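Peer 1: I would like to see how this sequence folds:
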Amino acid sequence: MDPRPSSLGGVRRSLSSARRRLLLHRRLLAAVAVAIAVLAGLQAATGPGAATTEVTVAARDLPAGTTLAAADLTTVAVPLDAVPARSPAPDDLLGRVLAGPVPAAETVTEARLVGAAGLDLAPGQVAVPVRLPDPGTAALLRLGDEVDLVATDPQAGSTRTVGRDVRVVALPEPGDASEPGATTGRLVVVAVASGEAHDVAGAAVRDFLTVAFRP
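Peer 2: Sure thing, here's the model as predicted:
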């Protein structure tokens, strides 16, 4: 019997197996090359990370009049060119009072705070903090309300209007009345004509203040 056909078949099988291994190796190399190309493309498309900085935002929905505490604030990273103007650091915001509501995740800027820079005052107006002895009356007020300030002298029993059409621009949250030395009543910040400021401030110290609502 001639052994050559059997030997030839074995060689053919060996060559076929070698070709399959070579094809598989080439496919693996091609897959690796494609993966490297995709990764390089992604890196080229995204480029280096943009420079960022942290800004202070509300950690939850904050109502007007909130006295800011650490739990009310958090920080987020934003691109440098997206930082709002007048964005204080968290430590500079603690204890400040919001002049208006701030939704959760919104940046807390100076424009949101009680103070000369944060209040919407018309030309010729100034902001005057006054304390209403009756917190129930103060609870009726809302930001933007226009009311008359009425002062009653507790000794003389006389009553007069010390501010007409004054606008409520801030309602700080009341403090804890149970604390030693706590002042009673509710603090309200109103915008008045500069010519009325001295009369309103004096009445807030000497007299019993209340408000009169206009239709």
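
Peer 1: contacts, neighbours, all on C-alpha from now
Peer 2: OK.

Peer 1: which residues touch V128?
Peer 2: Neighbouring residues of V128 by Cα atoms under 8 Å, 6 or more residues apart in numbering: 189-192, 197, 200-201.

Peer 1: and the gap between L98 and A51?
Peer 2: Per Cα to Cα, to the nearest Å, L98 is found 30 Å from A51.

Peer 1: what domains does the record give for the chain?
Peer 2: 52-112, 125-213 (automatic domain parsing).

Peer 1: what mean pLDDT does the shortest one have?
Peer 2: It stands for domain 52-112. Mean per-residue pLDDT for domain 52-112: 84.

Peer 1: Could you work out the end-to-end span of it for me?
Peer 2: From its first residue to its last, domain 52-112 covers 23 Å (Cα to Cα).

Peer 1: do the same with stretch 124-142
Peer 2: Separation of the first and last residues of stretch 124-142 by Cα to Cα is 22 Å.

Peer 1: Mind listing what's buried along that stretch?
Peer 2: For stretch 124-142, the neighbour count (16 or more other Cα atoms under 10 Å) marks 125-133, 138, 141 as buried.

Peer 1: quick one, helices of the chain?
Peer 2: Here the chain has its helices, by DSSP state H, at 4-46, 90-93, 135-138, 197-206.

Peer 1: List the contacts of V130.
Peer 2: By Cα under 8 Å, 6+ apart, V130 lies in contact with 187-190, 200-201, 204.

Peer 1: typo on my end, it should be A51
Peer 2: Counted by Cα under 8 Å, 6+ apart, A51 has contacts 79-80.

Peer 1: The same query, at a cut-off of 10 Å, please.
Peer 2: A51 sits next to 77-81 when contact means Cα atoms under 10 Å, 6 or more residues apart in numbering.

Peer 1: Tell me which strands the longest strand belonging to the chain pairs with, and in which orientation.
Peer 2: Taking DSSP state E as the criterion, the chain has its longest strand at strand 159-170. Partners of strand 159-170 in the sheet, by DSSP bridges, are strand 146-152 (antiparallel), strand 186-193 (antiparallel).

Peer 1: Could you pull out the buried residues of it?
Peer 2: 161-170.

Peer 1: do stretch 82-99 as well
Peer 2: Judged by neighbour count using 16+ other Cα under 10 Å, the buried positions of stretch 82-99 are 87, 90, 93, 96-99.

Peer 1: nearest to V108, of those residues?
Peer 2: The closest of these to V108 turns out to be S87 (Cα to Cα; 6.6 Å).

Peer 1: what residues are up against the closest residue to the closest one other than its chain neighbours?
Peer 2: With sequence-adjacent residues excluded and distances taken as Cα to Cα, 6 or more residues apart in numbering, S87 is closest to T109, at 4.6 Å. By Cα under 10 Å, 6+ apart, the contact list for T109 reads 55-57, 84-89, 93, 98, 102, 118.
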